[in-house]
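Asks: Generate a structure from the sequence data that follows.
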Amino acid sequence: TMTIDTACSSSLVAVNQASLFLKDHQCDLALAGGVNLIISLKGYVGFSKLNALSEDGKCKSFDDSADGYGRSEGCGAVVLKRLSDAIRDNDNILAVIRGSAINHDGKSSGLTVPNGRAQEDVIKQAMKNAKVSIDKIDYVETHGTGTKIGDPQEVNALANVFHDRSINNKLKIGTVKSNIGHAESASGMAGLLKVVLSLKNGIIPANLHFTTPN
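Replies: A predicted model of the protein is given here:
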């Protein structure tokens with residue numbers, strides 16, 4: 001077992017690490033998950049001092065009224081195997097992770113302020129590792145917490161990465177946080193499960209609380 005704490009990206013970093021172990025044949029099956037429980041008021045106090053929380057407890061992702069995020073609880077996990085092994089074992093394959101990447105913001109204006117260039121770099125690296133081009137991606141599940149600084153930074157990073165994409169090939173973006181709130185350490189897993197379910201059902205859930213683009 002391994003505990004990974006990289007704040008909001010913890011559960012997706014766990015998936016990335018598990019995938020690397022599988023590729024290197026350090027294991028044949030891995031469980032990767034995340035859990036977030038609100039059992040103390042201290043978190044609310046700390047995030048309030050950072051002005052990170054919305055007044056109404058909702059994540060108004062990418063909307064002009066965005067004023068922070070609403071906290072939520074949740075847990076989720078995925079079973080990961082090499083595709084060849086899963087096919088051999090006749091497993092129920094819900095999705096395939098073709099590639100992933102992680103990096104660090106590096107220098108930025110503060111703890112809650114993302115670095116757009118670093119975001120561009122990690123997206124490009126993930127696509128390179130997955131051997132997929134910008135025209136082959138139909139949807140991006142974003143972080144999209146619902147902040148006036150973070151959301152535009154994320155969209156701008158995506159715009160810079162996909163700027164050479166065909167004008168008729170529209171890129172859909174979304175975030176599960178508008179639906180269930182920000183599950184913090186489990187939020188990445190929530191986004192991953194949303195994408196898997198979207199692929200399975202052929203439907204992408206709508207972004208709630210979105211009326212006027214930021």
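
Asks: list the buried ones in stretch 88-101?
Replies: 97, 100 (16 or more other Cβ atoms under 10 Å). For the C-beta atoms, the positions are set from N, CA and C on the backbone; glycine is no exception.

Asks: distance between it and the chain's centre?
Replies: Put simply, stretch 88-101 sits 18 Å off its chain's centre (Cα atoms, centre = their mean, to the nearest Å).

Asks: in the protein, which spans are helices?
Replies: 10-23, 42-49, 83-88, 116-130, 150-161, 177-180, 187-201 (DSSP state H).

Asks: okay, these in JSON lines with mean pLDDT next?
Replies: Listed next are the helices of the chain as JSON lines, based on pLDDT from 0 to 100:
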{"stretch": "helix 10-23", "mean pLDDT": "98"}
{"stretch": "helix 42-49", "mean pLDDT": "94"}
{"stretch": "helix 83-88", "mean pLDDT": "98"}
{"stretch": "helix 116-130", "mean pLDDT": "96"}
{"stretch": "helix 150-161", "mean pLDDT": "95"}
{"stretch": "helix 177-180", "mean pLDDT": "97"}
{"stretch": "helix 187-201", "mean pLDDT": "97"}
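
Asks: just the ones you listed: most buried one?
Replies: Comparing the helices of the chain by mean neighbour count (mean count of other Cβ atoms under 10 Å), helix 177-180 ranks first with a mean of 22.

Asks: The helices of the chain: which one's closest to Ala77?
Replies: Across the helices of the chain, Ala77 has its closest neighbour in helix 187-201 (7.2 Å, Cβ to Cβ).
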